[in-house]
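1. Generate a structure from the sequence data that follows.
(chains A and B)
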Amino acid sequence: MTDTDQNEYRQQRHTNMLELQKMGYKPFGEAFERSGRLADVRADFAEEKSVSMAGRLTTVRKMGKSIFADLRDITDRFQIYVQKNQVGEDPFAAFKLLDVGDHIGVKGTFFTTRTGEQTLKVDSWTLLSKALLPLPEKWHGLKDVEARYRQRYLDLISNPEVGAFFVKRSQAISEIRSFLRSQGFLEVETPMMQPQPGGATAKPFKTHWNALNTDMYLRIAPELYLKRLLIGGFDKVFELNRNFRNEGLSRNHNPEFTMLEIYHAYSNVGGMKKLICDLITHVAQTVFGSLKIGEGENAIDLTLPWREVPYRDLVRERMGDDWYEQPIEKAREKALELGLEVEPDWNMMMVTHEIYEKTIERTLINPTFVTRLPMELIPLARTCEDDDTVIDVFELEIGGKEIAPGYTELNDPIKQRQRLEGQDGDDPHKVDEDFVTALEHGMPPAGGMGVGIDRLLMILSGIDAIRDVILFPQLRPK
RNA sequence: GGAGGCGUAGCUCAGUUGGAAGAGCAGCUGACUCUUAAUCAGCGGGUCGGGGGUUCGAGUCCCUCCGCCUCCA
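-> Numbers count the residues shown, from 1 in each chain, chains lettered A, B, ... in the order given. Here you go, the predicted structure:
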């Protein structure tokens, strides 16, 4: 018994492979020089022109002494025509042993069929790689959600729009990098393994460094290292890479996700605001071709300028002008009426923020900068000059999702220590002494910003599950 | 973690009240030199997610485990 006995498909294809081998074909062939990708070759189509192309055989229409078949690569599908008289008796017989899914290379000349389809008349062909398992069905494609993620390669083969999106994702990432570079920002790489996770409030993944017998954490944010670089004199830096948070899976959460963090010395929250407007509209325009996304109720218009509203004004606008003047009991009642669960010991700020997160945030469809958030929510940024109970910050909301928070960064080491101690009062060990020490050496005033890239791409492409914008989303191991 | 839904051929899916496991595509055999979801004729293909139970009899009902989806925490 061998594993080729597993099912009739593998067995049949194995048999076909052995037959081809007998006829002198190498089932897992060699390099093949093609004139170009299928779309490029098609772009230069001319009657009688000689070309070579390679791809995966996706459909085969056998008609006695001639065969029509489709080749596919990531760019296109192209029809080839194989005639017994043209290629010769043995190569024709061998071609009939090919299976859907095999990679082949072909050489021949262009012609146009009676029905007007650009086609390659094959002079010779070679086997590049045998597929021992069949592809998903050609017409319905692969729909099984689990299989699509666990075997993404099958998804990419049978659902062309999936591949098209990930090409756009790659272009968007590339545009973000070149845009920031053109503005004078320096891309840097900081540790993904950190002795102490910081820069955000989230559960980290823990791992162990054997040689040093010490626990390490996958980063939840690169922030504290990027700020060290500001102290070191890099005045405009960004990092575009993965963060890890030890949380569950959902439509909007993958435990590893792509984050862009940007820091600009001598700038502030206003500078960040300008930068994110320019960055997002640039990517929308160059990669997705429009500032308008979707239709109907949830259509998003990215046309500048974007709305800006202080947090408390927004709350008053939705909950009534006297929201902050009422007793806390009344606020709790209203939260309960909205179907929210609030704890009896929550204060006004906590109840209000619950309402904000659960009911108000999701209604902010067109880009909205929510500014002046309560200090308790954000420990690492500065308070406003005119009011030290609110933070000089924005949260950019698009499509009902938080896309990017931007700050005027806190560079006062004394206040920073107080904030960190206040945040984790029970466990003073969690104050990152090394970071506070760095601040004591003097960090320039700066604007800083984080951009959730996966969510941004969901917005720009109109895709509503994070799994569909990540090539290999995490799933429970089988 | 909680509630609900789903899991049947390689793929996409049916399966009635508990009574002989089905279709299309894919595969195999044959015919066919302009087809394109090729067509025509014929033939094979199943651990009904795993395990247990009820029953004369389970894809179907019950329990349990696994995985996926949706909503909630």
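
2. in chain A, which strand has the most residues?
-> strand A:50-63 (DSSP state E).

3. so what's residue A:342 closest to, chain neighbours aside?
-> Nearest residue to residue A:342, sequence neighbours excluded (C-beta to C-beta, 6 or more residues apart in numbering): residue A:335, at 4.6 Å. Using the backbone N, CA and C atoms, a C-beta is placed for each residue, glycine as well.

4. which parts of the longest strand of chain A are buried?
-> A:51, A:52, A:53, A:54, A:55, A:56, A:57, A:58, A:60 (16 or more other C-beta atoms under 10 Å).

5. Repeat that for stretch A:252-269.
-> Neighbour counts over stretch A:252-269 (16+ other C-beta under 10 Å) mark A:252, A:254-265, A:267-269 as buried.

6. quick one: is that stretch near RNA strand B?
-> No - Stretch A:252-269 lies apart from RNA strand B when judged by C-beta under 7 Å from any atom of the strand; the minimum separation is 8.1 Å.

7. repeat for stretch A:201-216
-> No - for a cut-off given as C-beta under 7 Å from any atom of the strand, stretch A:201-216 has no contacts with RNA strand B; the smallest distance is 12.3 Å.

8. In the stretch 351-478 of chain A, which residue sits closest to RNA strand B?
-> Ranking the residues of the stretch 351-478 of chain A by distance to RNA strand B (C-beta to the nearest atom of the strand) places residue A:476 first, at 3.2 Å.

9. go on, the stretch 251-400 of chain A?
-> residue A:251 (4.6 Å).

10. residues in contact with residue A:302?
-> Residue A:302 is in contact with A:280, A:281, A:284, A:291, A:292, A:293, A:366, A:367, A:398, counting by C-beta atoms under 8 Å, 6 or more residues apart in numbering.

11. and those residues, which are buried?
-> Among the contacts of residue A:302, those buried by neighbour count (16+ other C-beta under 10 Å) are A:280, A:281, A:284, A:293, A:367, A:398.

12. Which helix or strand contains residue A:128?
-> strand A:118-129 (DSSP states H and E).

13. By mean pLDDT, flag the weakest helix or strand of chain A.
-> Within chain A, no helix or strand scores below helix A:413-423, which has a mean of 80 by mean pLDDT, DSSP states H and E.

14. For the stretch 1-150 of chain A, give me the ranges with low pLDDT.
-> A:1-6 (pLDDT under 70).

15. Return the nearest residue of it with respect to RNA strand B.
-> Proximity of the stretch 1-150 of chain A to RNA strand B (C-beta to the nearest atom of the strand) peaks at residue A:64, 2.3 Å away.

16. sorry, back to before: which one among the contacts of residue A:302 gets closest to residue A:12?
-> Set against residue A:12, the nearest of those by C-beta to C-beta is residue A:293 (46.8 Å).

17. that older thread, tell me which residues of the strand holding residue A:128 are tucked away?
-> Across strand A:118-129, burial judged by 16+ other C-beta under 10 Å covers A:119, A:120, A:121, A:122, A:123, A:125, A:126, A:127, A:128.

18. Take those residues and lay them out in CSV including distance to RNA strand B.
-> Below are the buried residues of strand A:118-129 laid out as CSV (distance: C-beta to the nearest atom of the strand, whole Å):
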residue, distance to RNA strand B
A:119, 6
A:120, 11
A:121, 8
A:122, 12
A:123, 14
A:125, 16
A:126, 20
A:127, 15
A:128, 18
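
19. for RNA strand B, what are the nearby residues on the stretch 101-250 of chain A?
-> A:111, A:113-117, A:119, A:133-134, A:136-147, A:149, A:248-250.

20. switch to 10 Å and redo it
-> Where the stretch 101-250 of chain A comes near RNA strand B, counting by C-beta under 10 Å from any atom of the strand, the residues are A:101, A:111-119, A:121, A:133-151, A:154-155, A:158, A:247-250.
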